[in-house]
Every structure is written in structure tokens, then in C-alpha cells.
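# I would like the atomic coordinates for the input below:
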Amino acid sequence: MVSTRHHPRDFPSPGAAKASPSPSSTNSKGTSNNGWVHTPSAAVTIWLILSLPLVAWDSGYVLLRPHSMPGNKLHSPIWTPYALYGTIDYIYGWPAFNARNGFTAAQTVLNLVESVAYIYYLWIVYRYGASASSGRGRKAQKGLMWMLTGEKVVAGRTGATALLIAYSASVMTLSKTILYWLNEVFSGFANIGHNDVMSLIFLWIIPNGLWIVFPSYTIYILGGDIITSLENAATRQRVGRPKSS
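Residues are numbered from 1 along each chain as shown. Purely as a prediction, here's the structure:
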């Protein structure tokens, strides 16, 4: 989240910063020296690192149909689990494909857009992130564990851009997943209504529910960062405004 207090001396509090960076306070990497930093959430980072390969796997299955479907040359071994899932959710199975239902492929294209945004965010954090406990002149020892556990910050415009992109992508993910569920509700559960309760819970509701719970959490965390930074900027403007005589 946006750090507003208790930062190391290398990253002064936003209260000491100007409302917006001047050209002289911005370095060649696009990060400002005005003290504003984005502190990525470890939980959000872990979710993105785990979910991106799953989304890529799912996208490959959808966009390579029918070759990736049961009985075709690309199905085994990569997409073997979809032989079962296609019988649980017909939108992934032969019924929707034979009906030329375009919803599956359309949502998959949006999945790829979201994935590009998340990859950009993770790349910015890895490329420009600095360990909060180290000085600006010290190079962080980066790696997977640093990404997952290390307290890190991304300063200035670079961090703000990454924050905004990750937030926007999370809103896309949540909205699209809710649309996916509502599509079933308003179609009379045409694609999943044939399942028994236990199959529906463990093979559809829980797996798909993850893409509601975690994006909602991500929106809460990143949205809170944005709101906090806006509040701090407004406070600095009020403090810096000259009093009328």
C-alpha cells in the first residue's frame, strides 16, 4: 500500500513532499524524489504469481479449441483435466463449442489483456522496486523470495502508474467474473444446472469463486492506496495554501 508513515529515512513521509513532482525532482527512471512510494502487498503479489500461469493454461485451452478438447491431438496431457470440467461447465465443453457460443473466447481475450497488465505490474515491482530497509545507494538482492516476502517500495510516477494499472486490471477481473456468474443466472443455469450439489460446489463454485475473492481483496488494498495518496495530496494543498487576509 502507499506508505504514509514509519518509513526508513531514505523514504521521507509524504507530508514532507510537494503535491506534485517538479521536473528537477524526477530522475531518469521516471521515479520522483518527492518521497511518495508504493509498497506492494505480499498477498497481492503471491496471488498474481500463482494465478497468471493458471489463466495462461485456461486461455490456451479455449483459444486452441477444438484441438485442445477431448479426442484431439493437443488435449493430452496438457489439458486432460478439461475432459472432466467440460462436463461440469458446458461453456467449456462440446455443447457451447458446437453451438458456436462466443462468450468463452471473448472472456478469454479479456483474460489476456488483464494478464498483460498484471505482468507489467510485477515487472515494474521487480525492476524498479527497492528494499525498504536498504538505502537508495544499495542494490537490493532480488529474486523470487524477495518478490514474495521482502518489504519493497516503488517510488514516484513509476510506482503510481503500476498501482493504477494493477487496480484497473483487478476491476476488470472482478467485473468479468461476476458477468460469468450472472450469465448462468439469467440463462436459467443452462451450462451448469445439470450438476449435483457437491459437484457444483467443489468443481465450479469454489474454483471460480477464487477469481471473485482475491480480485476483490486486491481492489480493496490497491484502492485504499490510491485513496490514501489522494487524501494526503489534498491535505498538503490545504496546508500549503496561503491564508487570506
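# doesn't residue 153 lie inside a helix?
No - according to DSSP: H, G, I helix; E, B strand; the rest coil, residue 153 belongs to no helix; its state is strand.
# that one bridge partners, please.
residue 130 (DSSP bridges).
# count the neighbours of it for me.
Number of residues near residue 153 (other Cβ atoms under 10 Å) recorded here: 23. Heads up, the C-betas are built off the backbone N, CA and C, glycines and all.
# point out where this structure drops to low pLDDT.
Flagging of the chain using pLDDT under 70 yields the residue ranges 1-35, 133-140, 234-245.
# hang on, isn't residue 158 packed against residue 125?
No - with contacts counted by Cβ atoms under 8 Å, residue 158 stays clear of residue 125, the gap being 9.9 Å.
# so which of these two has more stuff around it?
More neighbours surround residue 125 than the other of residue 158 and residue 125, with 25 against 21 (other Cβ under 10 Å).
# which residues does the closest residue in space to residue 46 that isn't next to it in sequence contact?
In space, residue 46 comes closest to residue 148 once its chain neighbours are excluded; the distance is 5.8 Å by Cβ to Cβ, 6 or more residues apart in numbering. Residue 148 makes contact with 42, 45-46, 49 under the criterion Cβ atoms under 8 Å, 6 or more residues apart in numbering.
# in a helix, that's where residue 148 is, yeah?
Yes - judged by three-state DSSP, residue 148 forms part of a helix.
# which among the contacts of residue 148 gets closest to residue 205?
Closest approach between these and residue 205, by Cβ to Cβ: residue 46, at 22.6 Å.
# any idea how far residue 214 is from the closest one?
According to Cβ to Cβ, to the nearest Å, residue 46 and residue 214 sit 10 Å apart.
# who touches stretch 200-207?
The contact list for stretch 200-207 (Cβ under 8 Å, 6+ apart) reads 84-85, 88-89, 192, 195.
# could you redo the last one with a cut-off of 6 Å?
88-89, 192 (Cβ atoms under 6 Å, 6 or more residues apart in numbering).
# for the contacts of residue 148, pick the one with the most neighbours.
Busiest of the contacts of residue 148 [other Cβ under 10 Å] is residue 45, holding 20 neighbours.
# excluding its backbone neighbours, what's nearest that residue?
Closest residue to residue 45 apart from its sequence neighbours, by Cβ to Cβ, 6+ apart: residue 147 at 5.9 Å.
# count the residues that sit near the one you found.
Applying other Cβ under 10 Å, we find 19 residues neighbouring residue 147.
# gap between it and residue 41?
The gap separating residue 147 from residue 41 is 12 Å, by Cβ to Cβ.
# contact partners for the closest residue to residue 90 other than its chain neighbours?
Nearest non-adjacent residue to residue 90, counting by Cβ to Cβ, 6+ apart: residue 191, 4.1 Å away. Going by Cβ under 6 Å, 6+ apart, residue 191 touches 89-91.
# now, among those residues, which is nearest to residue 64?
Of all the contacts of residue 191, residue 64 sits closest to residue 91, with 16.0 Å by Cβ to Cβ.
# okay, buried residues for the one helix or strand residue 206 maps to please.
Element membership for residue 206 (DSSP states H and E) is helix 206-240. Residues 211, 214-215, 217-219, 221-222, 225-226, 229, 232-233, 236 are the ones in helix 206-240 that count as buried (16 or more other Cβ atoms under 10 Å).
# distance between that helix and the chain's centre?
Relative to its chain's centre, helix 206-240 lies at 12 Å (Cα atoms, centre = their mean, to the nearest Å).
# again, but for stretch 166-179
That offset, for stretch 166-179, works out to 8 Å (Cα atoms, centre = their mean).
# list the contacts of that stretch.
Residues contacting stretch 166-179 (Cβ under 6 Å, 6+ apart): 107, 110, 114, 117-118, 121, 211-212, 215-216, 218-219, 222.
# closest one of the residues you listed to residue 36?
Distance ranking of the contacts of stretch 166-179 against residue 36, using Cβ to Cβ, places residue 222 first at 15.1 Å.
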